[in-house]
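In: show me how the following folds:
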Amino acid sequence: MSTKSHGGRLTLRVFHALRRPTTAVVARRARVSNSFRADSSSLRASALGDGTRDFDAERSKVRLESARDGATESDDDEETSDAALAGAVEPDARVSQGILSVSVPTSHGDTARAAFANRGTAELFEPAKSDALLRGKFTDEDVNVDEEAIAVAACEAKIEKCSRRCPHSDVVMLQAFDFLSATRKDSPKTYYSRLLDRVDFIASHGFTHAWLPPPQLSVDEQGYMPRKLYTLDGSYGSMDELKMLIRALKEAGVKSVCDVVLNHRCAESYDANGTPIAFAYEVSPGGEPIDWGAEAIVRNHPNFPGTGSVDSGESIPMAPDLDHTNVAVREVLIEWLEWLHDEIGYSGFRFDFVQGFAPEFLEEYVRETVGKEAFCVAENFVGMSWSGSVLEYNQDKARRVLMDWLAATHDSSALFDFPTKGILSEAVRRREFWRLIDAQGNPPGLSGWAPQMSVLFVDNHDTGFPQNHWPFPLDRLALGYAYILTHPGICCVYGPHLWCHDPEMCWPKSLPGEIKMLMRIRARAKVCCESKVVIHRADADIYVAAIDDTLIVKLGPRYDVPDDLAPHLFDGFDLATSGMDYAVWMRQDLIETP
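Out: The predicted structure follows:
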């Protein structure tokens, strides 16, 4: 079994293998045994548990994409190394606690397996992180490293991560408010009461979670400039109305996600220089006084400096930033989050502006309250890479920022996939659908690297109407949903797209029906975080992808499907739905008959 060392630098072919599996990802150099291949189909159901997706057998194979000095190996080299591997490795295919495992009886394989054990998303799916992790285990002087065994162990870890259903695999979330929800005057009812009337409507669409606005008393009507923690009577309605709404949603099978603002808080009093002196005095339900002063505020805030420590994250200019390094501050916030869960009834949280404090504190807030099993999502509004007014093709820099955050929190919370939102918006706006594939053949946003931690969305209360900071093209909103609702990841639908038809909004009246149909298709095809996407074409005017063996999606203005894809790609599929510049085909046996 060959290994290489160039100029004292260890070159491990495993680094070329650390990519998310696709249909083209098959075992070339590590065909572990006939019994392993034969077992892959039978292991699918048992490895993934009853009632889970029927992944095709390719998911259970090991990929070893090797290249020597940047050149593709010849067929003769492949046969030779395959034979060498078959003679040197005797794999043991088994299911251990529901997870497919391939045992490589070499010390190097065991070392790599131990290195990848229980690692986070970033270290498994981002090549640079995987590279760094392994280089910490194998030195430059270790010239006899068994690269094949390491590659098998590394690919095994990726297969296990991709195949294992995360607790949030089937989440489809509704953002149940917009920036004007607290101030609309078209009904005498409060926001909470209006949404209560929509509970059956929400449940009938198949939503598993409803994201509700910040409930605490706030300087602004939207709730993002909080003053008090425990006062929940505010612009959206009363605390009693909120609890009634959450109970009704729960009875309908929908969990409530609370929007919480932990980065900052508005003070009650300031000195002559504008320095905050004190926050509103409160007493927790446990009888503990909350009497914060300047010591609860970071000392380096540009507009409202306090006497606490240096900010552990970024600052916002309009309100004092809390000092999360202060244990007393964290204890109060943790008690409040527990109260929101235990007494008010929320199941999880949407964390606002998480770049404002260190990721380790977010991990603590989740761990000490709802736990990682509960679905939480965080807003990290990451900047994209631009060349003037043109979005650059490669958005790995933005993806790495999000991956680093996930790694730092040990995957405690999912993240909104801003890279996918930006790339998809520009692809549609500029008719550049070639943007929807990255250099490795995967989706180009966070979902291409970490679909189980990626929340896909088309617009929200900040990006879309009425603020329009970064709106999706209004006449192609259904196309945006055709992408996010058919691709792996956690989906979030913007409520106004389902129930608002204000003339200022300018989106087609057909949009609610199109979203509902796409959600039915997603449920029927059992698309989830672990689904496999294979991108067959990404040109300027057309995008064609297959999801698992159940869906085919075409986006873009080109009407005809390229000859090299039709008709064989569509054998056994029928058109399930279509709209302006999109179409979705479903496997015939899954089509619902009238």
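In: contacts for stretch 497-517?
Out: Residues from elsewhere that reach stretch 497-517 (Cβ atoms under 8 Å, 6 or more residues apart in numbering): 174, 178, 198, 201, 205, 458-459, 465-466, 474-475, 477-478, 481, 485, 493, 496, 577, 579-580. Backbone N, C-alpha and C define where each C-beta goes, glycine included.
In: restricted to strands, list the residues you listed.
Out: 174, 493, 577, 579 (DSSP state E).
In: let's have those residues in JSON lines, adding pLDDT.
Out: Formatted as JSON lines, the ones in strands among the contacts of stretch 497-517 follow (pLDDT from 0 to 100):
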{"residue": "174", "pLDDT": "98"}
{"residue": "493", "pLDDT": "98"}
{"residue": "577", "pLDDT": "98"}
{"residue": "579", "pLDDT": "97"}
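In: PyMOL command for the buried members of the contacts of stretch 497-517?
Out: Here is the PyMOL selection string for the buried members of the contacts of stretch 497-517, based on 16 or more other Cβ atoms under 10 Å:
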select buried, resi 174+178+198+205+458+459+465+477+478+481+485+493+496+577+579
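In: how many neighbours does the residue lying closest to residue 416 once chain neighbours are set aside have?
Out: Using Cβ to Cβ, 6 or more residues apart in numbering and skipping residues adjacent in sequence, the residue nearest residue 416 is residue 455, 4.9 Å away. Each residue near residue 455 was counted by other Cβ atoms under 10 Å, and the total is 28.
In: please, where are all the strands along the stretch 201-350 of the chain?
Out: 209-212, 255-260, 269-270, 276-278, 282-283, 289-290, 348-351 (DSSP state E, counting those that start in this stretch).
In: could you do the stretch 351-500 of the chain as well?
Out: Under DSSP E, counting those that start in this stretch, the stretch 351-500 of the chain gives strands at 377-378, 386-387, 390-391, 414-416, 454-457, 490-494.
In: who does the fifth one pair with, and is each partner parallel or antiparallel?
Out: Paired strands of strand 454-457, with direction, are strand 414-416 (parallel), strand 490-494 (parallel) (DSSP bridges).
In: repeat for the third one
Out: Strand 390-391 has these partner strands in its sheet, going by DSSP bridges: strand 386-387 (antiparallel).
In: ditto for the first one
Out: Within its sheet, strand 377-378 is paired with strand 348-351 (parallel), strand 414-416 (parallel), according to DSSP bridges.
In: tell me the contacts of the residue lying closest to residue 482 once chain neighbours are set aside?
Out: Of all residues not flanking residue 482 in the chain, residue 582 sits nearest, at 4.1 Å (Cβ to Cβ, 6+ apart). For residue 582, the contact set (Cβ under 8 Å, 6+ apart) comprises 478-479, 482-483, 553-555.
In: wait, residue 326 sits on residue 297?
Out: No - with contact defined as Cβ atoms under 8 Å, residue 326 does not reach residue 297; the gap is 9.4 Å.
In: between these two, which one's more packed in?
Out: Taking neighbours as other Cβ under 10 Å, residue 326 and residue 297 compare with residue 297 leading, 29 against 18.
In: show me what the more buried one is bridged to.
Out: residue 322.
In: burial count for the nearest residue to residue 209 once chain neighbours are set aside?
Out: Among residues not flanking residue 209 along the chain, residue 173 sits closest, at 4.3 Å (Cβ to Cβ, 6+ apart). Under the neighbour criterion other Cβ under 10 Å, residue 173 is assigned a count of 25.
In: ok, residue 173 to residue 421 distance?
Out: Residue 173 sits 15 Å away from residue 421, taking Cβ to Cβ, to the nearest Å as the criterion.
In: over to residue 116?
Out: Residue 116 is 30 Å from residue 421, where distance means Cβ to Cβ.
In: repeat for residue 295
Out: Relative to residue 421, and taking Cβ to Cβ, residue 295 is found at 38 Å.
In: what do you get for residue 479?
Out: Distance, residue 479 to residue 421, using Cβ to Cβ: 13 Å.
In: what's the answer for residue 451, then?
Out: Distance from residue 451 to residue 421, by Cβ to Cβ: 15 Å.
In: settle it for me: which of these two has more neighbours?
Out: residue 451 (29 against 24).
In: excluding its backbone neighbours, what's nearest that one?
Out: residue 488 (4.1 Å).
In: same question, residue 246
Out: Distances taken as Cβ to Cβ, 6+ apart put residue 345 closest to residue 246, at 4.0 Å, once the chain neighbours are dropped.
In: mind pulling the model confidence for the one you found?
Out: As predicted, residue 345 sits at a pLDDT of 98.
In: cool, thanks, talk later.
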